[in-house]
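Q: Sequence plus predicted model, see below.
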Amino acid sequence: MSSLVSLIIPVYNGQAYLESCVKAVLRQSYPEIECLLIDDGSTDDSLKVARDLEARFPEHVKVFTKPNGGAASARNMGLEKATGEFLMFADNDDIMAPDYVEKMVAELIRRDADMIFGAYRRVSEDGKVLYTRTPTADPWSPYCFAAPWARILKSSYVREHGLTFGEFPLGEDSYFTVQANDCSDKVYPYTYAGYDWVDHPTSFSNTVQKKSSQVSALTLLNALLARHPKALRTDPNLYEYFFIKYAVWHLTYIARTSPKEEIRQAARDYFSWLDAHLPGWRKNPQVSPFKPSGEQAGIRLTVWLLAKSPMHLKLAILWIYRALGKIT
């Protein structure tokens with residue numbers, strides 16, 4: 001008998017896409033799946049759709065409800081309710097290939113892994129593949145795949161290390177995945193792209209998340225440092241680089257969406273935080289136009305420039321990002 005997979009789907013105002021997502025789960029070639037739908041206080045008919053699916057497919061679909069608290073709190077409820085040996089995640093507006101779960105389970109077992117993180121495709125609503133992202137064997141590669149979907153984990157691994165999603169506005173997924181990367185040396189990439197991240201114009205990632213310039217990345221970074229002040233299983237320089245990159249990434253985002261004074265203050269706050277919490281971070285050997293291996297060249301260059309430049313040049317670089325944001 002196959003081991004049970006708990007596939008956790010947070011649901012929030014996803015009535016237009018939820019049935020397609022769940023039917024993609026029900027079409028899986030892998031037989032033993034419990035599909036946990038966690039309604040996060042939806043204000044549309046998502047809960048009605050979910051209850052209907054539960055009534056039609058009670059052997060596979062289970063519905064739970066909670067007051068609105070965000071996708072992280074919904075996934076955390078899913079972790080509490082899951083009974084499977086393995087854990088997987090999906091968003092309520094995405095789909096997956098019919099052999100997706102079967103192949104992910106097989107790879108996890110073959111590698112005797114605690115976690116497998118796989119490739120995924122970004123697709124349009126009409127099914128056109130916009131791009132594919134594929135992990136590599138580079139030690140940095142796990143940190144380039146922050147989303148909880150397109151991965152599978154042993155439930156025992158998650159519970160042993162108390163892995164949860166961060167219930168804060170920015171970086172809630174990274175809080176989970178960075179810890180999952182760092183608690184085991186049995187984390188492996190898988191090049192199979194069976195998960196389709198669908199580009200819906202009205203999806204959360206295209207709407208609500210665009211307001212993230214009003215929140216701080218430091219909440220995530222402080223929370224991670226509180227849990228894991230030092231690297232456990234991964235290269236300490238790569239672990240530190242994650243904090244540097246995340247701060248720089250959010251600064252460039254703020255630069256595209258905010259007035260100059262907010263950009264200036266955020267730059268002071270973020271670089272002061274790095275100085276206070278990661279002394280010597282500017283000398284990290286991974287801060288280079290050519291490292292870490294597996295990172296996008298543009299990101300490596302931006303991190304390097306902002307790390308090595310004096311403050312007046314940092315601000316000049318951020319003004320360029322601001323101009324680019326206005327153009328686009």
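A: Nice, I can see it. In this text the structure is predicted, and so the values were computed from the model without any measurement. Residues are numbered from 1 along each chain as shown.

Q: what's the domain layout of the protein?
A: 5-208, 235-327 (automatic domain parsing).

Q: Now Leu318. Nearest residue, chain neighbours left out?
A: Leaving aside its chain neighbours, Leu318 sits nearest to Ala255 (4.2 Å; criterion: C-beta to C-beta, 6 or more residues apart in numbering). C-beta coordinates here come from the backbone N, C-alpha and C atoms, glycine included.

Q: ok, now which ones touch that neighbour?
A: When contacts are counted by C-beta atoms under 8 Å, 6 or more residues apart in numbering, Ala255 touches 263, 318-319, 321-322, 325.

Q: Val22 now?
A: Taking C-beta under 8 Å, 6+ apart as the test, what Val22 contacts is 9, 35, 37, 53, 57, 61.

Q: Likewise for Gly194?
A: 96-97, 99-100, 103-104, 118-119, 150.

Q: now do Ala137
A: Ala137 touches Pro189, counting by C-beta under 8 Å, 6+ apart.

Q: Please apply the same query to Leu218.
A: 247, 269-270, 273 are the contacts of Leu218 under C-beta under 8 Å, 6+ apart.

Q: Out of those residues, flag the one nearest to Met77.
A: Ala247 (30.0 Å; C-beta to C-beta).

Q: Distance check, the closest one against His60.
A: Remark: distance between Ala247 and His60 (C-beta to C-beta, to the nearest Å) = 42 Å.

Q: Name the SS class of Tyr188, please.
A: Here Tyr188 is recorded as strand under DSSP: H, G, I helix; E, B strand; the rest coil.

Q: quick one: buried residues of the helix or strand of the chain with the lowest mean pLDDT?
A: Lowest by mean pLDDT, DSSP states H and E among the helices and strands of the chain is helix 311-327, with a mean of 90. For helix 311-327, the neighbour count (16 or more other C-beta atoms under 10 Å) marks 314-315, 317-318, 321-322 as buried.

Q: tell me which of these is nearest to Tyr192?
A: Tyr321 (35.1 Å).

Q: give me the element the nearest residue to the closest one once chain neighbours are set aside is part of.
A: Excluding its sequence neighbours, the residue lying closest to Tyr321 (C-beta to C-beta, 6+ apart) is Ala255, at 3.8 Å. Ala255 belongs to helix 236-257 when assigned by DSSP states H and E.

Q: what comes up buried for the next helix or strand after that helix?
A: Toward the C-terminal end, the helix or strand that comes next after helix 236-257 (DSSP H and E) is helix 260-277. For helix 260-277, burial by neighbour count (16+ other C-beta under 10 Å) applies to 263-264, 266-267, 270-271, 273-274.

Q: from the chain's centre, how far out does stretch 131-144 sit?
A: The chain centroid and the centroid of stretch 131-144 are separated by 13 Å under C-alpha atoms, centre = their mean, to the nearest Å.

Q: now the residue nearest to the spatial centre of the chain: how far from Ala119?
A: Nearest to the geometric centre of the chain sits Ala147, at 2.2 Å (C-alpha atoms, centre = their mean). As judged by C-beta to C-beta, Ala147 and Ala119 stand 12 Å apart.

Q: Ok, Phe145 next?
A: Taken as C-beta to C-beta, the span from Phe145 to Ala119 is 9 Å.

Q: anything in contact with each of those two?
A: Contacts common to Phe145 and Ala119, judged by C-beta under 8 Å, 6+ apart, are 133, 135.

Q: Just want to know which of the two has more residues nearby.
A: More crowded of Phe145 and Ala119, by other C-beta atoms under 10 Å: Phe145, with 21 against 17.

Q: Wait, that one touches Asp138, no?
A: No - applying C-beta atoms under 8 Å as the test, Phe145 and Asp138 come out as separate, 11.6 Å apart.

Q: dump the residue contacts of Asn68.
A: Counting by C-beta under 8 Å, 6+ apart, Asn68 has contacts 12, 40-41.

Q: Which of the residues you listed sits closest to Leu79?
A: Asp40 (14.2 Å).

Q: Phi and psi next, for the closest one.
A: Backbone geometry at Asp40, expressed as degrees, to the nearest 10, gives phi -100, psi 50.

Q: burial count for it?
A: 25.

Q: Hmm, Pro10 and it touching each other?
A: Yes - between Asp40 and Pro10 there is a contact under C-beta under 8 Å: 5.7 Å.

Q: Now the common contact residues for those two.
A: Here Asp40 and Pro10 have 71, 74 as joint contacts, going by C-beta under 8 Å, 6+ apart.

Q: picking up where we left off before, and Ala247 and His60? which has more neighbours close in?
A: Using other C-beta under 10 Å as the criterion, Ala247 and His60 rank with Ala247 on top: 26 against 18.
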